[in-house]
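A.B. asks: Next one to model:
(one chain, ligands or ions: 1)
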Amino acid sequence: MFTLFKRKKEAAPVNMDKIPAHIGIIMDGNGRWAKKRLQPRVMGHKAGMDALQEVTIAANNLGVKVLTVYAFSTENWSRPEDEVKFIMNLPVEFFDKYVPELHKNNVRVEVIGETERLPKETFDAMKRACEQTKYNSGLILNFALNYGGRSEITHAVKEIAQEVLDAKLNPGDITEDLIANHLMTNHLPYLHRDPDLIIRTSGELRLSNFLPWQSAYSEFYFTPVYWPDFKTEELHKAILEYNRRHRRFGGV
Ligand code: FPP
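C.D. replies: Residues are numbered from 1 along each chain as shown. Prediction:
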């Protein structure tokens, strides 16, 4: 069994049997990270991309199957126009600068969210990243881009209601599984659609409309570290903490 030891004083092993298969990350604190360095907010997003690259490769090396990252929420459009423009250009930079290394590491890129409302260049860059990596069998780097959890559930309800109207479905046949099949995470491996662990950086203690259905039994890890400073060692700390949790899924 592969074990990983924390470098400093206590050598707490990360038990590979308890590596979370699906990790969700709310990458928060980019703006504050930049402000602390007297830099424009967008520099925080740039540094956040580097952190994401390192964490993705580290997670893939540990055997994590899915990493869902909150890159842009449906509420983020209310940010200053320049910042939105900058974030919308990140996928283009992502494709040119980061995808080649991810591809070499067998990482598959996927996207969830209302992608049809993204600017064309943003949409095209993400599509190319997905296309180029679609046969990779390593970690799935699942971007939540223009994603909102309530909107996702609303959309699922509309689809199910339509199936009932069309007499393809009886209301009595609606199960949790059926609802999950109408959510945007339905493309993920069946056993790993829901995050085992959700990490939020920068000290904020909320979910902010990120995977509200899928997080019903997730473990939560909050850290004051700003996202650009969240690197491999911080990921290991989060997994060590996850190893201490006893997941009961409502049982005893
Ligand atoms: C939150 O920090 C971060 C974001 C809204 C954007 C995060 C995006 C990335 C790290 C890169 C995504 C990559 C691709 C390819 C789309 P914040 O700005 O809310 O920070 P603050 O709370 O300190 O202001």
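
A.B. asks: Now for residue 249: which residues touch it?
C.D. replies: Residues near residue 249 by C-beta atoms under 8 Å, 6 or more residues apart in numbering: residue 217. C-beta here means a position set from N, CA and C on the backbone, and glycine is covered the same way.

A.B. asks: that's a strand at it, yeah?
C.D. replies: No. Counting by DSSP: H, G, I helix; E, B strand; the rest coil, residue 249 falls outside a strand, being coil.

A.B. asks: Read off the pLDDT value for it.
C.D. replies: Listed pLDDT for residue 249 reads 81.

A.B. asks: how close does it sit to residue 40?
C.D. replies: 44 Å (C-beta to C-beta, to the nearest Å).

A.B. asks: what's the answer for residue 251, then?
C.D. replies: Using C-beta to C-beta, residue 251 is found at 49 Å from residue 40.

A.B. asks: more crowded one of those two?
C.D. replies: More neighbours surround residue 40 than the other of residue 251 and residue 40, with 15 against 5 (other C-beta atoms under 10 Å).

A.B. asks: How much space separates that one from residue 51?
C.D. replies: To residue 51, residue 40 is 18 Å away according to C-beta to C-beta.

A.B. asks: list the contacts for the residue nearest to residue 147 when sequence neighbours are not counted?
C.D. replies: For residue 147, ignoring the flanking residues on the chain, the nearest one in space by C-beta to C-beta, 6 or more residues apart in numbering is residue 113 at 3.6 Å. Contact partners of residue 113, counting by C-beta under 8 Å, 6+ apart, are 72, 74, 143-148, 184.

A.B. asks: In CSV, list these along with neighbour count and secondary structure.
C.D. replies: Shown next, in CSV, are the contacts of residue 113 (neighbours: other C-beta atoms under 10 Å; DSSP: H, G, I helix; E, B strand; the rest coil):
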residue, neighbour count, secondary structure
72, 21, strand
74, 18, coil
143, 24, strand
144, 26, strand
145, 24, strand
146, 23, strand
147, 24, strand
148, 20, coil
184, 24, helix
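
A.B. asks: rewinding a little: tell me the phi and psi of the residue nearest to residue 147?
C.D. replies: The phi and psi values for residue 113, taken as degrees, to the nearest 10, are phi 130, psi 180.

A.B. asks: where's residue 199, which helix or strand?
C.D. replies: Here residue 199, judged by DSSP states H and E, is contained in strand 197-200.

A.B. asks: Identify all contacting residues around that strand.
C.D. replies: Contact with strand 197-200 is made by 20, 22-26, 28, 206-207, 210-211, 215, 218-223, 230, 238-239, 242, as judged by C-beta under 8 Å, 6+ apart.
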